[in-house]
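Engineer: I would like to see how this sequence folds:
(one chain, ligands or ions: 1)
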Amino acid sequence: MKKVITYGSFDLFHEGHYRLLKRAKALGDWLIVGVTTEHYDESRGKMNVIDSLMDRIENVRKTGFADEIIIEDHEGQKVEDIIKYGVDIFTVGSDWTGSFDYMKNYCEVVYLERTKDISSTMLRAKKYNIIRLGIIGTGRIAARMVPEVKYVSGINIDAVYNPHIESAESFAKHFEMNKYMDNLEEFYEEVDAVYIASPHETHYEYIKSAISHHKHVLCEKPMVLKRSQAEELFLMAEENKVILMEAIKTAYCPGFNQLLSIVRSGAIGNVRDVEACFTKLENPLSRELTDTVYGGSFTELGSYTLLPVLKILGENYQDLEFKSQTAANGLDIYTKAYFTYENAFATSKNGLGVKSEGQLIISGTRGYILVDAPWWKTSSFEVCREDRSQNEKYFSKFLKDGLRYEIGDFVSGINGFDEKRFKLTKGESIALADIMERFLAERNNIKENRGVSDD
Ligand code: CTP
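Structural biologist: Residues are numbered from 1 along each chain as shown. Below you'll find the model as predicted:
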């Protein structure tokens, strides 16, 4: 019996897929079809798969060509499968010509002529209009966003806004964009969604204005610094039927999500402690260390270190205490936030003027997970046990600046897919704003008592 194998995402099942499977089946007697998981697709940079794995499998099954359907979930699996199933022929479409020649050591490799003028990418673009994204604020992070958007299909940057027209213009010129403005009304006419990367304290007003113009919003962290503002904005987004998402890149990347799944599966037992540290020595003259109202290490880095705490232990902590070391201007150069939960502790440790090892450690009753710096760009972690020989290392891709993952989820959300894909929930964003508010209130009290002025 001649065994044939082929692989694909088979998203929005189309004629090209059908014809490929038909010809693959005709190459032998038994056809095995490998369908990719969402996680695997994400890790290889394919962010917009629309149909669920179950639907994609069902569509392959319905063709009647597959004798066996398997799931492809990791790099290197193809060779494993070929050996395991005793495969004679590996086949894929001609768009892959040459890419799988290394398989010739194991079986025959056949590239089948790709069907012209059809692909999942084309169908996704046709089904959903390309989202016109506008950028508000033209700082460092906005500059990092531009190249990342190019990796996500279904979205395009169309305009940039800055109240200072020269900044808008030089940003637009640098990235070869035609539309730049200092007038918000004109800007909103050109876009369906906005990415807000302006200074923290301006987020609230921009989000409010964008939502009231029915624009979807992806806003840099910390989204807002008050619980009531976060609550109000999420309600407003719901009423206006638009998506509001806080851009904490870690929350959307594949590695961090794999880590969360492993924690939830009970691999380290019950979680009793989460310790997250992020420090970055900043120039004392930087905005981060001179903006005496909104700067400081906690507002700057806290969104990252609070994320694993809230994701793993939840929003219902019993007690929260801040300890800070401050500069003469009253800004915290180092802050530790101590959480007490019913059965666990957590620490978020942040430094702009103090350097430490940036680790994430999640301790449980059966073991712990260690994620080395930069854990906020999760690309590997280790599940550690009492018996070290039982330790397991996991690896995942974190491509370039890793902003493409949040953009991918933003696009999915706008196109109405599966709200569960929101890897950072509304409740978690509100809890983050609440913690920031508590921190700032405490810092202001301390400053007032010490008589430090904001100027
Ligand atoms: N395929 C084909 N003809 C097409 C589209 C796809 O023969 N017009 C083949 C691919 O070469 C591959 C298989 O179908 O062997 C599954 O491809 P997949 O990547 O799932 O489909 P695409 O439409 O290429 O998806 P995307 O646009 O997301 O890359």
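Engineer: low-scoring stretches of the stretch 351-455 of the chain, by residue?
Structural biologist: Filtered on pLDDT under 70, the stretch 351-455 of the chain yields the residue ranges 418-422, 452-455.
Engineer: cutoff 80 now
Structural biologist: Applying pLDDT under 80 to the stretch 351-455 of the chain picks out residues 417-422, 447-455.
Engineer: what does this protein put close to the ligand?
Structural biologist: Counting by CB under 6 Å from any ligand atom, the residues of the chain close to the ligand are 6, 8-11, 16-17, 20, 92-93, 95-96, 114-115, 118-121. To be clear about C-beta, it is placed using only N, CA and C from the backbone, and glycine gets the same treatment.
Engineer: mind giving me the ChimeraX command for buried ones among these?
Structural biologist: Buried subset of the residues of the chain next to the ligand, written as a ChimeraX selection, criterion 16 or more other CB atoms under 10 Å:
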select :6,8,9,10,11,16,17,20,92,93,114,115,119,120
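Engineer: inside strands: which ones of the residues of the chain next to the ligand?
Structural biologist: 6, 8, 92, 93 (DSSP state E).
Engineer: could those residues go into TSV alongside pLDDT?
Structural biologist: Shown next, in TSV, are these (pLDDT from 0 to 100):
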residue	pLDDT
6	98
8	97
92	98
93	97
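Engineer: residue 385: which of the residues you listed is nearest?
Structural biologist: Residue 385 lies nearest to residue 8 out of those, by CB to CB, at 37.3 Å.
Engineer: returning to that earlier point: turn the ones in strands among the residues of the chain next to the ligand into TSV, columns for distance to residue 327.
Structural biologist: Below are these laid out as TSV (distance: CB to CB, whole Å):
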residue	distance to residue 327
6	61
8	56
92	59
93	60
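Engineer: and which of these is nearest residue 308?
Structural biologist: Residue 308 lies nearest to residue 8 out of those, by CB to CB, at 34.3 Å.
Engineer: can you pull the contacts of that closest one?
Structural biologist: Going by CB atoms under 8 Å, 6 or more residues apart in numbering, residue 8 touches 17, 20, 33, 34, 35, 36, 92.
Engineer: can you name the two of these that are farthest apart?
Structural biologist: With CB to CB as the measure, no two of the contacts of residue 8 lie farther apart than 20 and 36, at 14.7 Å.
Engineer: what's the mean pLDDT across stretch 298-317?
Structural biologist: Averaged across stretch 298-317, pLDDT comes to 98.
Engineer: who does residue 383 bridge with?
Structural biologist: Per DSSP bridges, the residues bridged to residue 383 are residue 369, residue 392.
Engineer: just checking, it touches residue 267?
Structural biologist: Yes. Under the criterion of CB atoms under 8 Å, residue 383 makes contact with residue 267 at 5.7 Å.
Engineer: any idea which residue of the stretch 351-455 of the chain lies closest to the ligand?
Structural biologist: Among the residues of the stretch 351-455 of the chain, residue 408 lies closest to the ligand, at 12.6 Å counting by CB to the nearest ligand atom.
Engineer: same thing with the chain?
Structural biologist: For the chain, CB to the nearest ligand atom, closest residue to the ligand: residue 93, 1.8 Å.
Engineer: so what sits against both of residue 383 and residue 267?
Structural biologist: Shared contacts of residue 383 and residue 267, defined by CB under 8 Å, 6+ apart, are found at 367, 369.
Engineer: between those two, which is the more surrounded one?
Structural biologist: residue 383 (21 against 15; other CB atoms under 10 Å).
Engineer: which other helices and strands does the helix or strand residue 145 falls within contact?
Structural biologist: Following DSSP states H and E, one finds residue 145 within helix 140-149. Judged by 3 or more CB pairs under 8 Å, 6 or more residues apart in numbering; DSSP states H and E, helix 140-149 is in contact with strand 131-136, strand 155-161, helix 165-174, helix 404-414.
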